[in-house]
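> what shape does this take:
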Amino acid sequence: MRHVAPTRDALDRRVLASPPLSHWSPFARYIEDEAWPRVDALNTLWPTASGFRFATQDPGLLADGLHYEERIASLGVIATRPDNWHDLFNAFVWLRYGGLKRALNARQMAEIEVMGPRQRSRPQCALTHFDEAGLIVALRDPAMLDAWDAHDWHGLFWTHREAWLSGEARVEVFGHALLEHALTPGKLLVGKALVTMGEGDAAARCAEAIAAGVVLRDPQELRPLPVSGVPGWHPESGNEAFYTSAPCFQPLRPGRVYPPPLGLR
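Numbering: from 1, shown residues only. A predicted model of the protein is given here:
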C-alpha cells in the first residue's frame, strides 16, 4: 500500500522533536510553517557556486524532454514538485549530502547510457532504493555487525544500547522517502543501509564508494535496518519486549548474506 503522508494542515509537529526529523532542525521551519516554501526560497540555501538549482516541475520544465537524472547531469536542474513533502525532503538531502547525491546521479547516468531511459538495471534499482530509503550507519564494534548479520535485533539495539546512546554507533537518514514516512507519528521505519566500520566521515566514504562503483551494484547489497529500534527513535524503544514483538524486526531469510562494511581511514 502506498504511503500517504499527513497534509501540512494535519501534521503533528511534535514529530519534529524526535529522530530522525530532529536531526534536520536547520530545515525545521520549512516543515512546520503553515505555508509551503517556494522553490526560490530553497535555492537561497545552496552553498555559493554549487552549480545546482531547484526548479518547479511543471509542463514548461518537462517540455525539454529530458530524463530527470539527465536534467541534473547536464543542466544542474533538480525538478521539484511544489507543495510536496517527498520533493521537499529531497531538496533537504541535496543541500546536506550533495556529494552523495552527485555520486548517485553520475552512476544513474552511466546506467542510462547502457540501458536507455525506459529500462532499469539491477544497479539502478539499488541506487534508487538507497536514494529513497537510504541510511548511513557507522559502527566501531564488530560484535554489533555480527548481531546485524544475524538479524539479532535485540542484540544490536538492546544489548548494545549504550553504544547508540553515546554516539559510538551512529545512523544518518539519507533517504528522502524515509524522512517523509517519519511525518507519521509512531510509524515503524525500516531503511536500506550502507555501513562503515571505524572512525571518520561515513557519508563521504559512502559517496566515494558509490562513485567508484564498488557498492550499490545490486539491491541485495543493502542491509535492511529497522531504524525505529535505535534507542530514542520510537516511543517503545525503552521497552525490551519491543525488539522481539514489533513487526519491523524481521528474521534473517535463509541464505541471505550481506557484504562487508566499508572501512574508514
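> which residues in the stretch 1-150 of the chain form strands?
Taking DSSP state E, counting those that start in this stretch to define them, one finds strands in the stretch 1-150 of the chain at 53-56, 77-80, 134-139.
> let's have those in TSV, adding mean pLDDT and distance to residue 3.
To be clear about C-beta, it is placed using only N, CA and C from the backbone, and glycine gets the same treatment. Converted to TSV, those look like this (pLDDT from 0 to 100; distance: least, Cβ to Cβ, whole Å):
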stretch	mean pLDDT	distance to residue 3
strand 53-56	98	23
strand 77-80	98	19
strand 134-139	98	16
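> out of the ones you listed, which one sits most buried?
strand 134-139 (a mean of 25; mean count of other Cβ atoms under 10 Å).
> centre-most residue in this protein?
residue 175 (1.9 Å; Cα atoms, centre = their mean).
> quick check, pLDDT for it.
Residue 175 is assigned a pLDDT of 98 by the prediction.
> how about it, what does it touch?
Contact analysis of residue 175 by Cβ atoms under 8 Å, 6 or more residues apart in numbering lists 93, 130, 131, 132, 133, 134, 135, 191, 192.
> can I get the strands of the stretch 1-150 of the chain in JSON lines including distance to residue 119?
Putting the strands of the stretch 1-150 of the chain into JSON lines (distance: least, Cβ to Cβ, whole Å) gives the following:
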{"stretch": "strand 53-56", "distance to residue 119": "26"}
{"stretch": "strand 77-80", "distance to residue 119": "21"}
{"stretch": "strand 134-139", "distance to residue 119": "23"}
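> out of those strands, which gets nearest to residue 86?
For those, proximity to residue 86 was assessed by Cβ to Cβ; strand 77-80 is nearest, at 9.8 Å.
> where in the stretch 1-150 of the chain is pLDDT low?
Residue ranges of the stretch 1-150 of the chain with pLDDT under 70: 1.
> isn't residue 117 up against residue 65?
No - assessed by Cβ atoms under 8 Å, residue 117 is found out of contact with residue 65, at 10.0 Å.
> which of these two has more residues huddled nearby?
residue 117 (13 against 8; other Cβ atoms under 10 Å).
> now, of the contacts of residue 175, which are buried?
With burial judged by 16 or more other Cβ atoms under 10 Å, the buried subset of the contacts of residue 175 is 93, 130, 131, 132, 133, 134, 135, 191, 192.
> including distance to residue 264, could the residues you listed go into a markdown table?
A markdown table is the format used below for the buried ones among the contacts of residue 175 (distance: Cβ to Cβ, whole Å):
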| residue | distance to residue 264 |
| --- | --- |
| 93 | 22 |
| 130 | 18 |
| 131 | 22 |
| 132 | 25 |
| 133 | 23 |
| 134 | 18 |
| 135 | 16 |
| 191 | 20 |
| 192 | 20 |
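> and the two most separated of those residues?
Within those, two members stand farthest from each other by Cβ to Cβ: 93 and 192, at 14.4 Å.
> can I see the domain layout of the protein?
14-96, 127-263 (automatic domain parsing).
> so which of the ones you listed comes closest to residue 111?
Residue 111 lies closest, by Cβ to Cβ, to one member of the domains of the chain: domain 127-263, at 7.6 Å.
> since that was my last question, I'll sign off now.
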